[in-house]
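> For reference, the sequence and a predicted model appear below.
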There are 2 protein chains.
Amino acid sequence: MARRRTMPPLRIGMLGLGTVGGGTLTVLKRNADAIARRAGRSIEVVAASARDVRKPRDLDLAGIRLQADPFAIVDDSQVDIVVELIGGIEPARTLILRALERGKHVVTANKALIALHGNEIFARAQELGLIVAFEAAVAGGIPVIKTLREALAGNTVQWLAGIINGTCNYMLTAMSERSAQFADVLREAQALGYAEADPSFDIDGIDAAHKLTILASIAFGVPLQFERVYVEGIRAVTLEDVRYAEALGYRIKHLAFAVHGARGIELRVHPTLVPTRVMLANVNGVMNGVMIRGDAVGPVLLSGAGAGAEPTASSVVADLVDVVRALTADPNNRVPHLAFRPDALSDAAILSMDEIESAYYLRMRAVDQPGVLADITRILADSRISIEAIRQPEPAAGDATVPIIILTHRVGEAAMNAALARIAALPDIAADITRIRMETFT
Amino acid sequence: MARRRTMPPLRIGMLGLGTVGGGTLTVLKRNADAIARRAGRSIEVVAASARDVRKPRDLDLAGIRLQADPFAIVDDSQVDIVVELIGGIEPARTLILRALERGKHVVTANKALIALHGNEIFARAQELGLIVAFEAAVAGGIPVIKTLREALAGNTVQWLAGIINGTCNYMLTAMSERSAQFADVLREAQALGYAEADPSFDIDGIDAAHKLTILASIAFGVPLQFERVYVEGIRAVTLEDVRYAEALGYRIKHLAFAVHGARGIELRVHPTLVPTRVMLANVNGVMNGVMIRGDAVGPVLLSGAGAGAEPTASSVVADLVDVVRALTADPNNRVPHLAFRPDALSDAAILSMDEIESAYYLRMRAVDQPGVLADITRILADSRISIEAIRQPEPAAGDATVPIIILTHRVGEAAMNAALARIAALPDIAADITRIRMETFT
């Protein structure tokens, strides 16, 4: 069935032979025939770098020059395209810039680097007429960058909301499905390799914020602005909150939001109550899901594996095939790195968190419930915060305080902060009030 | 914010000013600035054809030459790209071929034409180095063609399953959510414009089969083979079946399947029981959803609006932007029409329905239930069909027969046909046995 083209193979130099590097090698070999039938030429890894070249690997490395020095690969004249899978900022940043100086296109899965240094990297690539492709940097195998950048090119994107960190989603799903406590689920996720020994990057929301930075730029045509993202992780979410939310018809998901309203752009990452009937609430376990609303297409949902060796490799290889197809096109006619052409980016403002609106789930504990409830509702009414529901579940036996759960309608964050400060100051209310934002997607 | 490029506008000639044509005009005007910022040049409709040019239209037609004769548009030297939105086979086929002869790229939303005559059209386009783009032909605004053709280029696609006819999904959802009977829901769908006066094309599965033909070719790299698709519509699905399925934990969906197994390819469109917890079972109303399983990426789900003026226009405009970007590329380096290069298509066999395997939901009525159940289970055992569940709901008061519901494990279609013939011949069983296939996606 295979009819190889006469075009010479595209020669890849791969930086890093970890999980994604190994997955990419495996996929390129296993599907070599199907890839060549699609791309019109074969794609071959000719050189790869790894910190320890002698480490035994369960990979077919035949025909691949292994080297400890990644710079030797970037400088190798036998390499047409550099695939950067080292991760982190340095030396990845320097390696990519040097690959560009050497006239090589780059494919990377490095979300942190793109979020923090993408503006610099894309500007240099643009000057040199080169491509830096990064589909694998966001949501693993889900083609969310291609969808935003190409498939929705006719739309004004109004908002997007994504479950884009598999560790957080795995943990919240496990808490919900197995009534497990946060600390137990975290230990389990670490044992399974879904969370790092230092899990902060994932569970404090930084990884999701990197990915959101990238998606928002592509959706709205603004420069990458990681420093403007509001970031809240899942450490404060308790099993108690998961249960109360469920009783009210919601699941708690760690969501990343990019919303373009009339006043500017909201970029925020935080735990969120989502109605159970919404499809995004049913993206469970390590799966990722991104919902995008375009003015023409309406809401579109993409879901699938957001991490892992082969799902991420799927996006790396798709980028390689895209590069093959774009090689002969006038560089000015290629898909722009951030979807919009660099001289047509917008300077729309990223709003501060005080300026955004949200509905809220509030949980607090009161010593003397009846009197205090009147105080709370009075404070909320004073702040013009309207209440959707109040629940006062039975306290556990022997518990001196009673829980109070309140769902509010949409209200400005600043007004909510002010009201919460007043409520926390009430003598009969414990000071640590839990608040989780809520979105209904209606 | 708009910085228009010096590139001249791309001039569109549009054939047909119906729902999708009108939507495309609206989207191109409303988002003209964002589109030009992405594509690097503006996209302008300069001419359009409509059967009745005098008909009052709620569209801004300023700057557009209206003509009754679509051939005049195809022949117009001022037109760079032809957008065919007339639908049907002729004159659409002749118009597209003539546009190609005139050296014009084509964008079309015509699923029937592509499914039945795509092989001829793509061959001619390939010879002439031209693009025929057709994202809007399948699943409206959902970028399923781009995803299969580009984003999953590194994968061997194992199967796909789609809810790709909005009329069927609207009707089945309404039956389920409102306990409505098939005939009532059909009248309602017709009144709402979701079903045609002659609804056969949709509810008998032909429209879904056209779309499946296209998706399967792109997924597996085989020529378009509409005539090999097994097609079953939703006319035989009763409210009773919907209710029994729900009681067993399933929803009935009209699904299109393309499965590449070791023996060949299955192409089939039929009502299907899907476990309620599966995301595809929660794609409701007029929404479409397509699940694709690639060997590297695993399962990916895309869902969104599968029809309608602006969702379909979203895909038409995305195709136009893709054409703009591909204009300067070597024609041999562009994305192939059917994902695989024309000289690298596979001759994998499409299996006959007798050769496929499925689990089944069976519903029959028996006069004398206890004795007959032993007969039925004996016949199924003889045919090596194993049973997952049997239910015998209470018959309605005054009903002389009792219903029997059986869920089977996976079995060959031929064996099931033989067993059903024997069961139908039992003296105490009514001859019209309902059978609906079942897929668990596990």
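Received it, and whenever you're ready, just let me know what you need.

> Phi, psi for residue A:204 please.
Torsion angles at residue A:204 (phi, psi; degrees, to the nearest 10) stand at phi -90, psi 0.

> Pull the contacting residues for residue A:277.
residue A:249 (C-beta atoms under 8 Å, 6 or more residues apart in numbering or on different chains). Placement of C-beta: from N, CA and C, glycine included.

> Wasn't it part of a helix?
No: going by DSSP: H, G, I helix; E, B strand; the rest coil, the assignment for residue A:277 is coil, not a helix.

> Which residue, neighbours along the chain excluded, lies closest to whichever residue of the stretch 101-250 of chain A sits closest to chain B?
When distances are taken as C-beta to the nearest C-beta, the stretch 101-250 of chain A reaches nearest to chain B at residue A:154, 2.7 Å away. Distances taken as C-beta to C-beta, 6 or more residues apart in numbering or on different chains place residue B:317 nearest to residue A:154, at 2.7 Å, with adjacent residues excluded.

> and that neighbour, how many neighbours?
29 (other C-beta atoms under 10 Å in any protein chain shown).

> One more: the one 10 residues further on?
Residue neighbour count, defined by other C-beta under 10 Å, stands at 18 for residue B:327.

> in what helix or strand does the residue of the stretch 201-350 of chain A found nearest chain B lie?
Closest to chain B within the stretch 201-350 of chain A is residue A:317: 2.7 Å, counting by C-beta to the nearest C-beta. Element membership of residue A:317 [criterion: DSSP states H and E] is helix A:309-326.

> do the same with residue A:11
According to DSSP H and E, residue A:11 maps onto strand A:10-15.

> Let me see the contact set for the residue of the stretch 201-350 of chain A closest to chain B.
A:24, A:27, A:28, A:31, A:35, A:43, B:153, B:154, B:296.

> Can you list which of these are found in strands?
Members of those lying in strands (criterion: DSSP state E): residue A:43.

> Residue A:127: which of the contacts of residue A:317 is nearest?
Closest approach to residue A:127 among those (C-beta to C-beta): residue A:43, at 26.3 Å.

> Can you report how many residues neighbour that closest one?
For residue A:43, the neighbour count with other C-beta under 10 Å is 22.

> With residue A:198 instead?
8.

> Doesn't it belong to a strand?
No: Residue A:198 sits outside any strand when classified using three-state DSSP, being coil.

> Tell me, what's the model's pLDDT at it?
Listed pLDDT for residue A:198 reads 86.

> cool, residue A:3 as well?
For residue A:3, the predicted pLDDT is 45.

> Residue A:6 now?
In this model, residue A:6 is scored at 66, pLDDT.

> And for residue A:398?
80.

> next helix or strand past the helix holding residue A:317?
Next helix or strand after helix A:309-326 toward the C-terminus (DSSP H and E): strand A:357-366.

> Against residue A:7, how distant is the residue of the stretch 201-350 of chain A closest to chain B?
Distance, residue A:317 to residue A:7, by C-beta to C-beta, to the nearest Å: 17 Å.

> Relative to its centre, which residue of chain A is most distant?
residue A:371 (44.0 Å; C-alpha atoms, centre = their mean).

> returning to that earlier point: tell me the helices and strands packed up against the strand holding residue A:11.
On a contact count with 3 or more C-beta pairs under 8 Å, 6 or more residues apart in numbering or on different chains; DSSP states H and E, strand A:10-15 meets helix A:19-30, strand A:43-49, helix A:70-74, strand A:81-84, helix A:309-326.

> Which SSE is immediately downstream of the helix or strand of chain A with the lowest mean pLDDT?
Using mean pLDDT, DSSP states H and E, helix A:369-382 stands out as the lowest-scoring helix or strand of chain A, at a mean of 90. Per DSSP H and E, the first helix or strand lying C-terminal to helix A:369-382 is strand A:387-391.

> gap between that following strand and the chain center?
Relative to the mean C-alpha coordinate of its chain, strand A:387-391 is positioned 32 Å out (C-alpha atoms, centre = their mean, to the nearest Å).

> swap in stretch A:162-182?
On C-alpha atoms, centre = their mean, the centre of stretch A:162-182 falls 15 Å from the chain's centre.

> wait, what's in contact with the nearest residue to residue A:43 once chain neighbours are set aside?
What sits nearest to residue A:43 in space, not counting adjacent residues and going by C-beta to C-beta, 6+ apart, is residue A:10, at 4.8 Å. Shown in contact with residue A:10 (C-beta under 8 Å, 6+ apart): A:39, A:41, A:42, A:43, A:44, A:80, A:81, A:320, A:323, A:324.
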